[in-house]
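Visitor: Only the shape, not the letters, is given here:
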């Protein structure tokens, strides 16, 4: 991860903090949602069957626009499913929030299991409705808001742009091929960089005293996972990385380019050796020098260029000029050459 690029993003984040957290943008709502969500969900999960749908919908409202938006409303879809099968939805959330010991593979398995059951309910009551479709983003958001100190919120487009800007080269895929452990590794590296930057950490603490939200309404974010998501989100949404020169191509393309560059360097070195050998041959086999050919006898060099030696007046051959080409026989700089008659002489 490029530390210089991270510093640019951190600097822009601090510089624009008041703008990002004013009454118009109100990005502090993430800390408020994380503070209120767990108590609201615990209340819903503990409620009787007759009250579960209402309590679940109240928990949904706490999340604001983090999950449901204009084009997709997966959380509202779960509320609608709960109107038909409240206990099924309750059990889905209970399994999702179950202790996983920090094992990212277990987290991903839980997410896919939740999505599978959610899609089954969707197709049963609202067949193939895109509006109520859960994704790895929405389900990771349920986990993140419920326990932000042990989970990260996955958002593909935002994460991909951030990864490119800071040159995090590993690819976590997309859709069903998503490798959540790779995404978590990037977020872990971001959190580590945040915690190592004492000035940035001190500045971050001021959000609890300088913002529009009251301190008691905001999650303490002890592990800085909410902050990490906010940085990734704001980098994409507000262009915090606009001053960074983005690397060209995908990580795979850059890897291939480096391999090809290495091969080019080797070829360039070999070309330099060849040019040295040519210069050596030209310096030795000068026009007027007599050379001996095992078949044609003695001859006199008439011309010597980079590509050929022209010899005439062989003692045992016709008088017509005969051209010979050199063949490199050794890798040494002072290469040995033999001469083979050109068929077109």
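Guide: The structure has been received and is ready for your questions. For clarity, every value in this text was computed on a predicted model and none was experimentally measured.
Visitor: Which parts of the protein are helices?
Guide: 3-15, 17-20, 29-46, 49-62, 74-84, 86-96, 104-125, 136-146, 156-165, 180-196, 198-205, 207-210, 225-238, 251-284 (DSSP state H).
Visitor: what pLDDT does residue 247 get?
Guide: According to the prediction, residue 247 has pLDDT 61.
Visitor: same deal with residue 78?
Guide: Reported pLDDT for residue 78: 98.
Visitor: dump the residue contacts of it.
Guide: With contact taken as C-beta atoms under 8 Å, 6 or more residues apart in numbering, residue 78 is in contact with 56, 60, 89, 92, 118, 132, 134. Heads up, the C-betas are built off the backbone N, CA and C, glycines and all.
Visitor: list the contacts for the third one?
Guide: Residues in contact with residue 89 (C-beta under 8 Å, 6+ apart) are 52, 56, 78, 81-82, 121.
Visitor: do the fourth one as well
Guide: With contacts defined as C-beta under 8 Å, 6+ apart, the neighbours of residue 92 are 78, 114, 117-118.
Visitor: Export the residues you listed as CSV, with columns for distance to residue 199.
Guide: Below are those laid out as CSV (distance: C-beta to C-beta, whole Å):
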residue, distance to residue 199
78, 42
114, 40
117, 46
118, 43
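Visitor: Over to residue 2: give its phi and psi.
Guide: Residue 2 adopts backbone torsions of phi -70, psi 110, taken as degrees, to the nearest 10.
Visitor: That one: neighbour count?
Guide: 14 (other C-beta atoms under 10 Å).
Visitor: returning to that earlier point: of all the helices of the chain, which lies closest to residue 217?
Guide: helix 29-46 (5.3 Å; C-beta to C-beta).
Visitor: Show residues contacting that closest one.
Guide: 52, 55-56, 58-59, 62-64, 66, 90, 93-94, 97, 144-148, 207, 213, 217-219, 221, 226, 229-230.
Visitor: Buried ones among the residues you listed?
Guide: 52, 55-56, 59, 62-63, 66, 90, 93, 97, 144-148, 207, 213, 218-219, 221, 226, 229-230 (16 or more other C-beta atoms under 10 Å).
Visitor: How about residue 187: what's its closest non-neighbour residue?
Guide: Nearest residue to residue 187, sequence neighbours excluded (C-beta to C-beta, 6 or more residues apart in numbering): residue 152, at 4.5 Å.
Visitor: out of the contacts of residue 92, which one sits closest to residue 185?
Guide: residue 114 (22.3 Å).
Visitor: right, and the closest one touches residue 95 too?
Guide: Yes: Residue 114 is in contact with residue 95 according to C-beta atoms under 8 Å; the separation is 7.2 Å.
Visitor: So those two - more neighbours on which side?
Guide: Between residue 114 and residue 95, counting by other C-beta under 10 Å, residue 114 is the more crowded of the two (22 against 12).
Visitor: Let me see the contact set for that one.
Guide: Contacts of residue 114 by C-beta under 8 Å, 6+ apart are 92, 95-96, 134, 139, 142.
Visitor: Could you tell me how many residues sit around residue 122?
Guide: Neighbours around residue 122, by other C-beta under 10 Å: 22.
Visitor: isn't residue 221 right up against residue 191?
Guide: No: applying C-beta under 8 Å as the test, residue 221 and residue 191 come out as separate, 10.6 Å apart.
Visitor: Other residues contacting stretch 15-25?
Guide: With C-beta under 8 Å, 6+ apart as the criterion, stretch 15-25 contacts 13, 27-28, 203, 207, 210-212, 234, 238, 240.
Visitor: Between those, identify the one with the most neighbours.
Guide: residue 240 (24 neighbours).
Visitor: Nearest residue to that residue in space, please, no chain neighbours.
Guide: Ranked by C-beta to C-beta, 6+ apart and with sequence neighbours excluded, the top spatial neighbour of residue 240 is residue 12, at 4.1 Å.
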